[in-house]
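Asker: model this:
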Amino acid sequence: MARHIGPKEKVERRIGSKLFLKGERSFSPKSATVRRMYPPGMHGKKFARKLSDYGTQLRSKQKVKKMYRMMERQFKNLVKSAVKSSAESGIEIMKSLERRLDNVVYRTGLAQSRDQARQLVNHGHITVNGRKVSIPSYKVMAGDVIGVREGSVKTKYFSSLVPQWIKNVKAPNWIEFDNNKLSAKISGIPTLENSGIDMNDINSIIEFYSR
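Answerer: So this is what the prediction gives:
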């Protein structure tokens, strides 16, 4: 299966926006997006040009796709499915992205990045309503309870590492998270404000795939 490889901070610098792809390092002064927020390459600091409409749409698409760590076909299918639905396209795209299981694991603080969350799901550490789910794109619904598999709770990652940072993480208001039980309940609907996605980017993405 295809996967994202290569320096993550170069992706952020090329797009020109912090996507928090490096977990805790993304908040550090050592982050490349803090020290060098300009395109990579020998002319990156000097070279700048005004983007065309297509360039703006492409950048928005790359920004959101990279943020949620999705491949092109998967992302395109999600957008087209949302556009075909009877709901408002932009909001439906946001909801579909936020309800991905790997994103929910990241939002709760069980992982410091979406890549790490994806790995936890792939390796079978995460359960939904008591059943192991190893599909990162699994869409959670209101009322679902997301937890850590019983056999994984005692591992060093969940018993020692997660407690070090999870107390500083605040889950969005549509997720009820219990720090002691390491479990979360989907209690509401994701909102654009909590997602961190710019509606202008969503509109540009819809225009990009409508060409």
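
Asker: what residue ranges in the protein score low on pLDDT?
Answerer: 1-49 (pLDDT under 70).

Asker: Identify each of the strands in this protein and give its residue range.
Answerer: For the chain, the strands defined by DSSP state E occupy 126-128, 131-132, 145-148, 175-178, 183-186.

Asker: Using JSON lines, please lay out these together with distance to Lys65.
Answerer: C-beta coordinates here come from the backbone N, C-alpha and C atoms, glycine included. Shown next, in JSON lines, are those (distance: least, CB to CB, whole Å):
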{"stretch": "strand 126-128", "distance to Lys65": "23"}
{"stretch": "strand 131-132", "distance to Lys65": "27"}
{"stretch": "strand 145-148", "distance to Lys65": "24"}
{"stretch": "strand 175-178", "distance to Lys65": "23"}
{"stretch": "strand 183-186", "distance to Lys65": "24"}
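
Asker: Can you lay out those as CSV showing distance to Ser86 and mean neighbour count?
Answerer: Below are the strands of the chain laid out as CSV (distance: least, CB to CB, whole Å; neighbours: other CB atoms under 10 Å):
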stretch, distance to Ser86, mean neighbour count
strand 126-128, 26, 21
strand 131-132, 30, 10
strand 145-148, 28, 20
strand 175-178, 26, 17
strand 183-186, 22, 18
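
Asker: Arg118: which of these is closest?
Answerer: strand 126-128 (10.3 Å; CB to CB).

Asker: Now do the closest one: which elements does it pack against?
Answerer: Under the contact criterion of 3 or more CB pairs under 8 Å, 6 or more residues apart in numbering; DSSP states H and E, strand 126-128 touches helix 101-108, strand 145-148.

Asker: Distance to Gln164 for the ones you listed - can I get that in TSV?
Answerer: Below are the helices and strands packed on strand 126-128 laid out as TSV (distance: least, CB to CB, whole Å):
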stretch	distance to Gln164
helix 101-108	15
strand 145-148	16
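
Asker: quick one on the thing from earlier: just so I know, which of the strands of the chain lies nearest Met71?
Answerer: strand 126-128 (20.5 Å).

Asker: Name the strands paired with the closest one and say parallel or antiparallel.
Answerer: strand 131-132 (antiparallel), strand 145-148 (antiparallel) (DSSP bridges).

Asker: which ones are touching Ile205?
Answerer: Contacts here follow CB atoms under 8 Å, 6 or more residues apart in numbering; on that basis Ile205 touches Gln57, Ser60, Lys61, Val64, Val79, Ile93.

Asker: Once you drop chain neighbours, what's closest to the last one?
Answerer: What it means is Ile93. Setting aside the residues directly before and after it, Ile93 is nearest to Ala82 in space (CB to CB, 6 or more residues apart in numbering), at 4.4 Å.
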